[in-house]
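Peer 1: Build me a model:
(one chain, ligands or ions: 2)
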Amino acid sequence: MSKRKLSRQQRWRIEKVQAERTQRAERRDTRDGEKLTAGEYGPEQGGRVVAHFGRTLDVRADQGGDAVRCHLRANLEGLVTGDRVIWRAAHDANDGVVVARVERDNVLERPDARGQLKPVAANIDQLLIVFAVEPAPHANLIDRYLVAAEATGIAPVLVLNKTDLLPEHGGELRDLLGRYEGLGYPVVTTTTAREGGLAALHARLAGRTSVLVGQSGVGKSSLIERLLPDEELRIGALSKDTRKGTHTTTTARLYVLPGLASGEGELIDSPGIREFGLGHLDEQQVTAGFIEFREWLGHCRFRDCRHRHEPGCALLAAVERGDIHPQRFTSYQRILESLGDA
Ligand SMILES: Nc1nc2c(ncn2[C@@H]2O[C@H](COP(=O)(O)OP(=O)(O)OP(=O)(O)O)[C@@H](O)[C@H]2O)c(=O)[nH]1
Ligand SMILES: [Zn+2]
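Peer 2: Ligands and ions are numbered 1, 2, ... in the order given. Got it, this is the predicted structure:
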């Protein structure tokens, strides 16, 4: 068989499969449409996606209660965990249909296997950047996370874990933290090594939707195990239907955090999300990600100043005067240098 013929046959097969798939989706959509008009579904209500598996989702009603397994109208694509949706519950079964997506406040994206950015979670109030006394953080790494956070538009919070290992006076690490607090970033300290070591974190989580990110070994799993103490709770956000299946999915899930003193907090978590923060930024995003640079930007002598050695550079002058910390500026330069390697 010639190559050409084979590829034509393959193409035909692919087209056939796709046509079937579209037909199935259309049939399902027609059925949904009929059911909707026949009144098999209740009234429209607000909800939030707590997990998703291909074309089915688990949605929690804004009024609360167990998550409900829902499918999508065919014209709705690309929903992610954390999305707010309009949905209708079926009268006769424990399922429902999502009819619309509410506009997102923000979205967290990650590159997929082919390097294409894909949304993984939406409507996040804060990005908790976890680092630890051990392994000690490089200021540069913290800066990389902050730049990545600024690029998403989600407010970053620095969480220093393993404070039980902190030397008596805290030394350099305290200075480092003080510097970030000075820039306006909230800093929270935690330890999983003693009872009550998460009190400050609890206060931060209440009433917000959070995501926890950070390097390997800083204690993310340990923190989450304490925030969601029993396994049942960790899977509790899912509908009964999902629990029955053998989903070894790595898709993000939204958990309601129990036992917070004031107000309910939510955590969106997945192995992929925890790795967020290392890569895919351009020079402009990096510059914008250093928030204390903002007041100097646009004041350089040359409009296309790249803030390296140019005369009349407002950033370099600010470093010289001590208005920008030299370590932050060094960090900035190092991140720019590394952009080409990504
Ligand atoms: N001393 C001390 N050790 C801690 C604390 N929290 C976590 N650890 C330890 O630090 C190590 C790493 O913790 P993990 O929770 O696995 O860290 P992780 O960030 O989830 O790491 P990855 O799964 O590799 O991303 C483990 O040996 C924990 O027992 C803490 O507050 N104090
Ligand atoms: Zn400049």
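Peer 1: Then Ile20 would be within a helix, right?
Peer 2: Actually, residue 20 is Glu. It isn't Ile. Yes. Under DSSP: H, G, I helix; E, B strand; the rest coil, Glu20 sits within a helix.
Peer 1: Next one: it from Arg27, what distance?
Peer 2: Distance check for Glu20 against Arg27: by Cβ to Cβ, to the nearest Å, it reads 10 Å. Yep, even glycine has a C-beta here, placed from its N, CA and C like the rest.
Peer 1: same thing with Leu267?
Peer 2: With Cβ to Cβ as the criterion, Leu267 and Arg27 are 38 Å apart.
Peer 1: Now do the contacts for Leu228.
Peer 2: By Cβ atoms under 8 Å, 6 or more residues apart in numbering, Leu228 lies in contact with 234, 255, 257-258, 267.
Peer 1: Need phi/psi at it.
Peer 2: phi -120, psi 80 (degrees, to the nearest 10).
Peer 1: same check, this time on Gln327
Peer 2: phi -70, psi -40.
Peer 1: residues of the top strand by length along the chain that come out buried?
Peer 2: Using DSSP state E, we find that the single longest strand of the chain is strand 45-53. Neighbour counts over strand 45-53 (16 or more other Cβ atoms under 10 Å) mark 47-52 as buried.
Peer 1: From the contacts of Leu228, which land in strands?
Peer 2: Filtering the contacts of Leu228 for strands - DSSP E - leaves 255, 257, 267.
Peer 1: that older thread, more neighbours, Leu267 and Arg27?
Peer 2: Neighbour totals were compared for Leu267 and Arg27, and Leu267 leads with 22 against 11 (other Cβ atoms under 10 Å).
Peer 1: What's the separation between the closest residue to the more buried one other than its chain neighbours and ligand 2?
Peer 2: Distances taken as Cβ to Cβ, 6 or more residues apart in numbering place Tyr255 nearest to Leu267, at 4.8 Å, with adjacent residues excluded. Going from Tyr255 to ligand 2 by Cβ to the ion, to the nearest Å gives 44 Å.
Peer 1: What is the longest strand of the chain packed up against?
Peer 2: strand 56-61, strand 84-89, strand 253-257 (3 or more Cβ pairs under 8 Å, 6 or more residues apart in numbering; DSSP states H and E).
Peer 1: got the contact list for that strand?
Peer 2: Taking Cβ under 8 Å, 6+ apart as the rule, strand 45-53 contacts 57-63, 67-68, 79-89, 98, 102, 123, 237-238, 242, 247, 249, 251-255.
Peer 1: Next, the angle from that strand to strand 84-89.
Peer 2: When axes from the mean of the first three to the mean of the last three Cα atoms, to 10 degrees is applied, the directions of strand 45-53 and strand 84-89 differ by 100 degrees.
Peer 1: Run me through the strand neighbours of strand 45-53, direction for each.
Peer 2: When pairing is defined by DSSP bridges, strand 45-53 lines up against strand 56-61 (antiparallel), strand 84-89 (antiparallel).
Peer 1: can you give me the helices in the stretch 51-200 of the chain?
Peer 2: 139-152, 171-182, 199-205 (DSSP state H, counting those that start in this stretch).
Peer 1: Could you check the pLDDT of the closest residue to Arg253 other than its chain neighbours?
Peer 2: Nearest non-adjacent residue to Arg253, counting by Cβ to Cβ, 6+ apart: Ala51, 4.7 Å away. We have a pLDDT of 91 for Ala51.
Peer 1: Which positions are bridged to Ala51 in the beta structure?
Peer 2: Asp58.
Peer 1: What of Leu72?
Peer 2: With DSSP bridges as the rule, Leu72 is bridged to Val98.
Peer 1: Quick check, Arg274 in contact with Gln215.
Peer 2: No. With contact defined as Cβ atoms under 8 Å, Arg274 does not count as touching Gln215 (9.5 Å).
Peer 1: Nearest to Val187 among the ones in strands among the contacts of Leu228?
Peer 2: Leu267 (19.3 Å; Cβ to Cβ).
Peer 1: got the residues of the chain near ligand 1?
Peer 2: 161-162, 164-165, 191-193, 214, 216-222 (Cβ under 6 Å from any ligand atom).
Peer 1: And for the closest residue to Arg144 other than its chain neighbours, the neighbour number?
Peer 2: Spatial nearest neighbour of Arg144, excluding adjacent residues (Cβ to Cβ, 6+ apart): Ile335 at 6.1 Å. Counted with other Cβ under 10 Å, residues neighbouring Ile335 total 20.
Peer 1: So for Gly322, which of the helices of the stretch 51-200 of the chain sits nearest?
Peer 2: Nearest of the helices of the stretch 51-200 of the chain (Cβ to Cβ): helix 171-182, 12.5 Å.
Peer 1: Flag every buried residue along the closest one.
Peer 2: Buried residues in helix 171-182 (16+ other Cβ under 10 Å): 173, 176-177, 179-180.
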